[in-house]
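# No sequence on hand, only this structure:
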């Protein structure tokens, strides 16, 4: 009985879908636009995250110490920094290691090499290279160091050169997200209104059937359900078409992203393949939920039972 | 079977369609409700089907107090009442058989029951062999027969006929009235709403006359004189 009723409800919903086919197509088109804009945000997030990760891997804070600061004191600072939640890793470099590295970097500059040879003492101090967990952690690590009891031991921190770069990446990422969210919200509102109006037209088109249904004792649930199911059909069809449209788009933009963001590991197709149900399944559920709400409002308002 | 007790229906802002109307229809009765346009005849039908609610008074049908009926119980009530209209209310895109099956489908009947009931009601109204025709391929009288067949699928205790012959010629009118009388003979209570004296007088059954929303006469074997 329940199965039979469900089958009939779906059948009536399908009939309504085909009877107003052009309206159905327009509705599905708008939902597809909404879904594509949502997936564009997913792509932009993925790209910016990959960029941020790539930047993060290259950035650390080099903490230089005053001449005369002993290794044991630097190890004390290292222990203190390790206790901070923002710190991912710390690498200690002795004064000798730093000097050797400096020599290597300036091997083609004889005047610097000669100057170093004339000096009796190593002019380069030991350093701590601190890697933060997130880009936003660097500011707070610096702030902690500036306010710690060790601040007088530190001669310099080279974070300032990276600060502008990090800020730019963060601002771009935030702006992309804002535009994306705005675009999605706009399309979502339009889609909700279109679905609402489509169901309203469907109710008008079926007024004769509805009046007969009432006349012969169809339950209120049976009269209402096909219109709600129609909204769900729109969601399904739009989702399937979005997936079909999205994959060629991803294949088209993948080479450009790989070439443009050299050094990053952006794999859009891999991401969508690995997270197919998490991304598209969730999107489908959300669209079904929104369409059901929109259809229900239209049915409650225009279907007088 | 049907009880109207001091029923008043006022449509906003202040149009009184029915004014303290009281009558009682027994099971198996054939009653004609007559009156001029705007006298309140159709309001009686709409009240009986639960399409509108009475402003005051009490209406009972088959033991149901429909003045207090819940919306969710209306479909169950409607399955016990068959209704036919002047404009037939058939679905143009469906065949005769599909129109009848539709009434059973939407109330949850299974294919077996549909296959069993459809030929039965088609036989009662004399439309065997025309199952695959569309409404446009039928005469007005035949279309009204399909509507009657559809109204009978739930074996209703009451059949309400709102001006069922309004769109029909004399011959078809006569056929439909005969059919209603035949259905009444099977035990179904029939309430015929009409403004046509010829029809009402030919039936020679109880006649309730309405005028400006009031019952002005209720005759056991009545006549309707304009």
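Sure, I can see it. Keep in mind that what you see is a predicted model, and the values were worked out from it rather than measured.
# C-alpha from now on. contacts and neighbour counts both.
OK.
# Chain B versus the closest residue to residue A:265 other than its chain neighbours, what's the distance?
Once its chain neighbours are removed from consideration, residue A:265 has its nearest residue in residue A:50; the separation is 6.6 Å (CA to CA, 6 or more residues apart in numbering or on different chains). With the distance defined as CA to the nearest CA, to the nearest Å, residue A:50 ends up 55 Å from chain B.
# Give me the distance between residue A:50 and residue A:283.
Taking CA to CA, to the nearest Å as the measure, residue A:50 falls 23 Å from residue A:283.
# Next: residue B:182.
Here the distance between residue B:182 and residue A:283 works out to 60 Å (CA to CA).
# And for residue A:36?
Counting by CA to CA, the gap between residue A:36 and residue A:283 amounts to 11 Å.
# can you check residue B:186 too?
Counting by CA to CA, the gap between residue B:186 and residue A:283 amounts to 58 Å.
# Secondary structure element holding the residue lying closest to residue A:279 once chain neighbours are set aside?
Excluding its sequence neighbours, the residue lying closest to residue A:279 (CA to CA, 6+ apart) is residue A:272, at 7.4 Å. When secondary structure is defined using DSSP states H and E, the element that contains residue A:272 is helix A:268-274.
# what does residue B:46 give?
Using DSSP H and E, residue B:46 maps to helix B:41-48.
# So which other helices or strands are in contact with that helix?
Identification of packing neighbours for helix B:41-48 by 3 or more CA pairs under 8 Å, 6 or more residues apart in numbering or on different chains; DSSP states H and E yields strand B:15-25, strand B:158-162, strand B:189-194.
# Select, out of the ones you listed, the one closest to residue A:177.
Across these, the minimum distance to residue A:177, taken as CA to CA, is reached by strand B:15-25, at 59.7 Å.
# what's the angle between the closest one and strand B:189-194?
The directions of strand B:15-25 and strand B:189-194 differ by 140 degrees, with axes from the mean of the first three to the mean of the last three CA atoms, to 10 degrees as the criterion.
# Residue 153: neighbour count?
Assuming you mean chain A. Using other CA atoms under 10 Å in any protein chain shown, the number of residues around residue A:153 comes to 17.
# let's do chain B instead
Using other CA under 10 Å: residue B:153 sits among 22 other residues.
# before we move on, back to that, the helix holding residue A:272 packs against which elements?
The criterion is 3+ CA pairs under 8 Å, 6+ apart, and the helices and strands that helix A:268-274 contacts are helix A:220-260.
# higher neighbour count, residue B:182 and residue A:283?
Comparing residue B:182 with residue A:283 by neighbour count (other CA under 10 Å), the higher total belongs to residue A:283, at 17 against 14.
# per-residue pLDDT, that one?
Looking at residue A:283, its pLDDT stands at 92.
# tell me the phi and psi of it?
As for residue A:283, its main-chain torsions (degrees, to the nearest 10) stand at phi -60, psi -40.
# Run through the residues that contact it.
Contacts for residue A:283 (CA atoms under 8 Å, 6 or more residues apart in numbering or on different chains) come out as A:35, A:239.
# Hmm, residue A:267 and the residue nearest to residue A:265 touching each other?
No: between residue A:50 and residue A:267 there is no contact under CA atoms under 8 Å: 9.6 Å.
# In the chain, what residue spans correspond to strands?
I'll assume chain A. With DSSP state E as the criterion, chain A has strands at A:61-65, A:87-93, A:127-132, A:154-157.
# right idea, wrong chain: chain B
Along chain B, the stretches classed as strands by DSSP E are B:2-11, B:15-25, B:30-34, B:56-61, B:64-65, B:81-85, B:158-162, B:189-194, B:206-211, B:214-219.
# packing partners for the last one?
So the one you mean is strand B:214-219. For strand B:214-219, the contact count by 3+ CA pairs under 8 Å, 6+ apart identifies strand B:15-25, strand B:206-211 as packing neighbours.
# Using JSON lines, lay out those strands together with mean pLDDT and mean neighbour count.
What follows is the helices and strands packed on strand B:214-219, written out as JSON lines (pLDDT from 0 to 100; neighbours: other CA atoms under 10 Å in any protein chain shown):
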{"stretch": "strand B:15-25", "mean pLDDT": "93", "mean neighbour count": "17"}
{"stretch": "strand B:206-211", "mean pLDDT": "92", "mean neighbour count": "23"}
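# Relative to residue A:227, which of the ones you listed is closest?
Using CA to CA, the nearest of the helices and strands packed on strand B:214-219 to residue A:227 is strand B:15-25, at 34.2 Å.
# from the stretch 101-250 of chain A, which residue is nearest to chain B?
Sorted by distance to chain B under CA to the nearest CA, the residues of the stretch 101-250 of chain A start with residue A:217, at 4.1 Å.
# Ignoring the adjacent residues along the chain, who's closest to that residue?
Leaving aside its sequence neighbours, residue A:217 sits nearest to residue B:75 (CA to CA, 6+ apart; 4.1 Å).
# Could you count how many residues lie near that neighbour?
Quick note: residue B:75 (other CA under 10 Å) scores 23 neighbours.
# Which residues in stretch A:11-30 does the neighbour count mark as buried?
A:12, A:13, A:14, A:16, A:17, A:23, A:24, A:25, A:27, A:28, A:29, A:30 (16 or more other CA atoms under 10 Å in any protein chain shown).
# Please list all residues in contact with the residue of chain B found nearest chain A.
Taking CA to the nearest CA as the measure, chain B has residue B:75 as its residue closest to chain A, at 4.1 Å. Going by CA under 8 Å, 6+ apart, residue B:75 touches A:214, A:216, A:217, A:218, A:219, A:220.
# Please apply the same query to residue B:199.
B:173, B:174, B:177.
# Can you check the pLDDT for it?
Reading off the per-residue confidence, residue B:199 sits at a pLDDT of 86.
# Over to residue A:115?
In the predicted model, residue A:115 carries a pLDDT score of 84.
# my guess is residue B:147 contacts residue B:87, does it?
No: the pair formed by residue B:147 and residue B:87 falls short of the contact definition of CA under 8 Å, at 9.5 Å.
# Looking at these two, which has the bigger crowd around it?
Set side by side, residue B:147 and residue B:87 show more neighbours around residue B:147, with 25 against 17, by other CA under 10 Å.
# State the distance from that one to residue B:165.
12 Å.
# before we move on, what about residue B:50?
Counting by CA to CA, the gap from residue B:50 to residue B:165 is 23 Å.
# near chain A, which residues of chain B?
Proximity of chain B to chain A (CA under 8 Å from any CA of the partner chain) is limited to residues B:49, B:72, B:74-79, B:82-83, B:89-91, B:103, B:105-110, B:151.
# Can you tell me which of those end up in helices?
Secondary structure from DSSP state H places B:74, B:75, B:76, B:77, B:78, B:103, B:105, B:151 of the residues of chain B next to chain A in helices.
# How many residues are close by the residue nearest to residue B:65 when sequence neighbours are not counted?
Nearest in space to residue B:65, with sequence neighbours left out and distances taken as CA to CA, 6+ apart, is residue B:59 at 5.8 Å. When neighbours are defined as other CA under 10 Å, residue B:59 has 24 of them.
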